[in-house]
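Asks: just need the structure, nothing else, for what follows:
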Amino acid sequence: MPRKRVAVLISGRGSNMASLIAAAKHDDYPAAIALVVSNRPDAAGLEHARGEGIATAVVDHTRFGKDREAFERALHDVLTANRIDLVCLAGFMRLLTPWLVGQWQGRMLNIHPALLPAFKGLHTHARALAAGVTTHGATVHFVSSEMDSGPIIAQAEVPVLAGDTPDTLAARVLEAEHRIYPQALRQVAGSKL
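Replies: Residues are numbered from 1 along each chain as shown. Below you'll find the predicted structure:
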């Protein structure tokens, strides 16, 4: 079976992107990272992707002003021109409109640093600590029109330790993200859901 062509969308350093690239180097992995796209020209992850021999593209959201759909149509054009099968959001800091979500329904994944449905949105680690939870973690889910609400593919729990700060908790959650995102992509690309 041919490997699924995957685009990874980033806005920054791309550490989850790097974990997906590493997983896709294995011959038995059902997905190939064919493209990395950023909405920021200076995203550090672009250089990493180029160093791995992966095609990159920039669709700078600032060029479109407040017209989010125009930005997304330009992004969609890049994805379709590169014959992309699946899209993985990896620190892509843009809220998507229903138009783009609809184009990629069931083919777009996101990783979120919390055990959804808890702590949707930003600042999840600080909010988890403030809430006094004893378990935190990460979730890979399909993207839906409602933020951080699509069907869950995989989750990993991380204990909250005495003395944790948002930074120490974030570091442990990030390790879990790097583990479960490649596993979730394997499930989706290999149609094992």
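Asks: quick one, helices of the protein?
Replies: Taking DSSP state H to define them, one finds helices in the chain at 15-24, 44-51, 68-81, 98-103, 124-131, 166-189.
Asks: deepest-packed of those helices, please.
Replies: A comparison of the helices of the chain by mean neighbour count, using mean count of other C-beta atoms under 10 Å, puts helix 15-24 on top with a mean of 21. To be clear about C-beta, it is placed using only N, CA and C from the backbone, and glycine gets the same treatment.
Asks: list the helices and strands that helix packs on?
Replies: For helix 15-24, the contact count by 3 or more C-beta pairs under 8 Å, 6 or more residues apart in numbering; DSSP states H and E identifies strand 4-10, strand 31-38, helix 44-51, strand 86-89, helix 166-189 as packing neighbours.
Asks: minimum distance to residue 151: which of the helices of the chain has it?
Replies: Closest to residue 151 of the helices of the chain is helix 166-189 (C-beta to C-beta; 10.9 Å).
Asks: which outside residues touch the closest one?
Replies: 3-4, 6, 15-16, 19-20, 22-24, 29-31, 85-86, 88, 90, 109, 111, 113-114, 123, 125-126, 128-129, 136-138, 140, 153-158, 160-161, 192-193 (C-beta atoms under 8 Å, 6 or more residues apart in numbering).
Asks: rewinding a little: tabulate the helices and strands packed on helix 15-24 (JSON lines), appending mean pLDDT.
Replies: Shown next, in JSON lines, are the helices and strands packed on helix 15-24 (pLDDT from 0 to 100):
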{"stretch": "strand 4-10", "mean pLDDT": "98"}
{"stretch": "strand 31-38", "mean pLDDT": "98"}
{"stretch": "helix 44-51", "mean pLDDT": "98"}
{"stretch": "strand 86-89", "mean pLDDT": "98"}
{"stretch": "helix 166-189", "mean pLDDT": "98"}
